[in-house]
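Undergrad: kindly return the folded structure for what I paste below:
(one chain, ligands or ions: 1)
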Amino acid sequence: MSDTPNSDFDLAVKAADTLRSQLNSHNYRYYSLDDPKISDGEYDQLLRRLENLEALYPVLRSADSPTQRVGSAPLAEFESVEHKVPMLSLANAFDDDELRDFERRLQSRLDDDSALSFVCEPKLDGVAVSLLYHDGVLVQGATRGDGFRGENITANVRTIASIPLKLHGDDFPPVLEVRGEIYLPRAGFDAINAEALAKDEKPFVNPRNAAAGSLRQLDSRITAKRPLEMCAYSLGLAEGGTLPDTHLATMQRLKEWGFLTNSLMESVVGIEACVDYYQRLAALRAGLAYDIDGIVYKVDSFRLQEALGFVARAPRWAIARKFPAEEARTRLLDVEFQVGRTGAITPVARLEPVFVGGVTVSNATLHNEDEIQRLGLRIDDQVVVRRAGDVIPQIARVVTSDADRADLPAIVFPTTCPVCGSALQRSEEQAVLRCTGGLVCAAQRKEGIKHFASRKALDIDGLGDKIIDQLVDAKLIHTVADLFTLTVEQLAGLDRMANKSATNLVAAIVVARQTTLPRLLYALGIREVGETTAKRLATHFGSLEKLEEANEEALLAVSDVGPVVADFVRQFLSNPDNLAVIASLREAGVAWPDIEAAGDQVLPLAGQVWVLTGTLTAMSRGQGKEQLEALGAKVTGSVSAKTTCLVAGESAGSKLEKARSLGVNVIDEAEFLALLASEA
Ligand code: D41
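TA: Numbers count the residues shown, from 1 in each chain. Alright, predicted model coming up:
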């Protein structure tokens with residue numbers, strides 16, 4: 001009989017073998033060497049592939065398969081101890097529907113459709129341990145190991161402050177085994193890594209590895225220096241005494257006996273409430289003091305737990321819902337240098353796309369040159385990308401082995417602006433390179449125009465980044481002032497710009513011409529002048545002319561304006577190019593009415609133009625005008641497109657009609673009085 005190596009079965013045997021040896025070596029690296037070479041997400045994927053193969057061909061499911069064993073064999077140096085009650089593992093649910101399937105399975109096994117009570121708790125990312133108490137005294141601490149046998153780490157667990165050496169109270173069973181997770185809070189992780197770096201030692205990869213490494217110390221004096229914590233999550237062996245009949249009540253007892261339990265634990269009814277808990281905890285995740293990698297859901301009733309039993313090595317009554325991995329491995333394709341509005345050069349990593357933290361990531365910020373040096377980054381490096389919460393993806397570390405990267409190309413910083421070729425300047429106090437090209441630099445101009453059109457600036461509806469890029473590239477606009485002379489024909493010639501949207505955009509640009517002094521000052525993009533500073537400058541000086549005349553002393557009189565901001569304002573407003581742009585804006589009909597200079601006071605209606613019409617009953621129009629002016633508004637006698645708001649009293653006539661036709665905001669007397677009252 002000839003062997004036919006291409007039969008499906010033979011291929012499956014081969015594939016399973018390869019997966020197993022890969023998993024075994026990654027497991028060894030992770031658990032024994034504390035030095036993983038792949039991310040958790042990648043490991044899970046390999047394991048799932050093997051599980052699928054074994055489900056297809058059960059004969060492949062050998063006793064030594066990584067799917068049959070969680071964790072790695074105990075190290076020889078620690079005494080091996082048996083868990084009299086095996087430490088079970090947890091089945092996983094990867095999405096909401098798998099969670100719903102879990103409840104359905106429970107209900108059909110119990111032959112009962114009524115909603116079940118679950119306890120939801122964060123799944124701490126640490127090391128599972130067992131603690132044995134005889135008559136309330138800690139006699140043994142052990143790692144989980146393979147679930148049946150672990151390592152005796154009694155000396156090490158004794159050093160952990162949150163583990164009671166003697167239980168509180170006297171209502172505990174004479175023989176009691178408590179199980180929980182030992183972990184390192186993030187602050188502790190940062191502290192021991194800072195210390196390692198200071199001593200020129202290799203830092204830990206993540207808090208879990210740091211916790212595992214700390215517990216694996218044969219010298220417990222080293223463990224004692226690590227700020228480890230333990231959070232209890234279940235009981236193992238219990239002999240004598242009486243115990244509660246639910247998980248939640250047991251956790252309460254554990255707390256009373258002196259254990260740390262998780263404060264975010266919650267009991268809920270029904271699986272939809274579990275789904276909701278997932279959403280709530282996911283939102284809290286990034287801000288927690290410790291790493292979690294998911295949620296564990298447990299049937300609360302011990303009677304039901306017993307009825308459900310377990311399958312393989314996992315209880316049927318519990319399930320872990322994993323969060324998307326926050327870290328993933330990928331390759332650095334290239335580093336590009338972006339030029340910002342103020343000329344700052346920011347290196348951006350281009351990555352082979354990778355799924356991390358729930359989204360596909362293909363770029364990561366590198367901040368500055370120092371960051372690249374800290375990482376020791378090279379093109380083509382294998383890197384770990386981290387995306388926690390909603391923050392911008394970052395490169396956490398390089399994982400290419402030293403041997404593999406000897407001849408990878410270094411990252412070369414540009415010596416001139418990558419966009420306009422102007423000289424670069426390095427600021428002394430900051431690690432920032434800047435293009436000196438100013439308005440010559442197309443990148444700076446594009447970013448400046450994007451800022452000018454943005455929501456808090458002139459708020460030009462429909463003028464997106466892509467359109468601005470095209471307009472500058474096609475040389476249709478050079479400065480922000482050129483926006484106001486754009487025609488529908490010019491815009492309609494752009495990519496993905498139909499006639500109708502071109503018309504709408506021109507209309508939006510016309511509307512944006514009526515602006516306010518604070519918006520204009522912000523829109524100009526003076527360095528360090530954000531929205532708040534722009535408002536302060538506007539209300540302090542009242543007009544752009546006054547601001548232009550202001551010397552350093554006058555600028556320093558504005559609250560929160562220091563020498564740096566004062567200097568940037570003066571530089572900007574004495575630059576002839578900038579003054580030419582401002583003049584062109586005025587010429588193009590852009591208007592920012594003066595506001596009553598109020599020194600340091602920020603008036604609520606500053607920069608607004610109001611009109612009063614018709615008969616007011618609570619006051620005369622003159623009194624209304626005074627009140628509005630006291631709030632910083634300018635009050636005029638006729639309605640125009642510049643009018644912010646019209647107050648229409650009784651029998652208002654043509655002004656009301658005009659305001660309506662111009663789309664000016666109109667309020668009646670009652671609304672006006674409410675506004676005055678709210679601002680008083
Ligand atoms: O926070 C955890 N990592 C955690 C792990 C937890 N909160 N509860 C857990 N519950 C169990 C059962 C349901 C089996 C008592 C667990 C684990 N097991 C567990 N940890 C490591 C393997 C299994």
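Undergrad: going by C-alpha atoms from here, please, whenever you check contacts or count neighbours.
TA: Will do.
Undergrad: which residues of the stretch 151-300 of the chain lie near the ligand?
TA: Glu181, Tyr233, Ser234, Val296 (C-alpha under 6 Å from any ligand atom).
Undergrad: from the residues you listed, pick the one nearest Arg104.
TA: Val296 (17.1 Å; C-alpha to C-alpha).
Undergrad: Pro593 against Thr516, yeah?
TA: Yes - Pro593 sits in contact with Thr516 when judged by C-alpha atoms under 8 Å, with a separation of 6.3 Å.
Undergrad: report the set of residues contacting both of the two.
TA: Here Pro593 and Thr516 have Gly607, Gln608 as joint contacts, going by C-alpha atoms under 8 Å, 6 or more residues apart in numbering.
Undergrad: those two: who's more crowded?
TA: Thr516 (23 against 19; other C-alpha atoms under 10 Å).
Undergrad: how about the more buried one, what does it touch?
TA: With contact taken as C-alpha under 8 Å, 6+ apart, Thr516 is in contact with Ala591, Trp592, Pro593, Gly607, Gln608.
Undergrad: OK, contacts around Val339?
TA: Val339 neighbours (C-alpha under 8 Å, 6+ apart): Ile345, Thr346, Cys417, Pro418, Val419, Cys435, Ala443, Gln444.
Undergrad: can you tell me the strand partners of whatever helix or strand the second one lives in and which way each runs?
TA: With elements taken from DSSP states H and E, the one containing Thr346 is strand 345-356. Using DSSP bridges, the strands paired with strand 345-356 in its sheet are strand 327-339 (antiparallel), strand 359-365 (antiparallel).
Undergrad: list of residues touching that strand?
TA: Taking C-alpha under 8 Å, 6+ apart as the rule, strand 345-356 contacts 324-340, 360-369, 385-387, 432-435.
Undergrad: just the buried ones from those?
TA: 324-340, 361-369, 385-387, 432-435 (16 or more other C-alpha atoms under 10 Å).
Undergrad: confirm for me that His83 is in contact with Phe148.
TA: Yes - assessed by C-alpha under 8 Å, His83 is found in contact with Phe148 at 5.3 Å.
Undergrad: neighbour count for those two, which is higher?
TA: His83 (20 against 14).
Undergrad: among the contacts of Thr516, which ones are in strands?
TA: In strands, defined here by DSSP state E, there are no members of these.
Undergrad: are any of the residues you listed buried, and which?
TA: By 16+ other C-alpha under 10 Å, the contacts of Thr516 give Ala591, Trp592, Pro593, Gly607, Gln608 as buried.
Undergrad: quick check: the gap between the second one and the ligand.
TA: So that's Trp592. When C-alpha to the nearest ligand atom, to the nearest Å is the yardstick, Trp592 and the ligand sit 59 Å from each other.
Undergrad: how close does that residue get to Arg536?
TA: 15 Å (C-alpha to C-alpha, to the nearest Å).
Undergrad: next one: the third one
TA: Separation of Pro593 from Arg536 (C-alpha to C-alpha) stands at 16 Å.
Undergrad: for the chain, which residues are neighbours of the ligand?
TA: 88-90, 121-125, 128, 181, 233-234, 296, 318.
Undergrad: between those, which sits nearest Asp473?
TA: Of those, the one sitting nearest to Asp473 (C-alpha to C-alpha) turns out to be Asp125, at 50.1 Å.
Undergrad: what number of residues lie near that closest one?
TA: For Asp125, using other C-alpha under 10 Å, the count is 21.
Undergrad: what sits against the nearest residue to Leu116 once chain neighbours are set aside?
TA: In space, and not counting its chain neighbours, Leu116 is closest to Gly270: 5.3 Å by C-alpha to C-alpha, 6 or more residues apart in numbering. Applying C-alpha under 8 Å, 6+ apart, one finds that Gly270 lies in contact with Ala115, Leu116, Ser117, Phe118.
Undergrad: so what's Gly270 scoring on pLDDT?
TA: Looking at Gly270, its pLDDT reads 95.
Undergrad: likewise for Ala388?
TA: Confidence at Ala388, expressed as pLDDT, is 69.
Undergrad: what does Ala557 give?
TA: pLDDT, read off for Ala557, is 89.
Undergrad: again with Ala406
TA: 77.
Undergrad: what does the one 5 residues further on give?
TA: Note for Ile411: predicted pLDDT of 90.
Undergrad: next up, the contacts around it.
TA: Taking C-alpha under 8 Å, 6+ apart as the test, what Ile411 contacts is Val335, Leu377, Arg378, Ile379.
Undergrad: now it: how far from Leu377?
TA: Counting by C-alpha to C-alpha, the separation of Ile411 from Leu377 is 7 Å.
Undergrad: got it, and Val609?
TA: Using C-alpha to C-alpha, Val609 is found at 56 Å from Leu377.
Undergrad: now Ile222
TA: In terms of C-alpha to C-alpha, Ile222 sits 32 Å off from Leu377.
Undergrad: right, and the ligand sits closest to which residue of the stretch 301-450 of the chain?
TA: Ala318 (5.2 Å; C-alpha to the nearest ligand atom).
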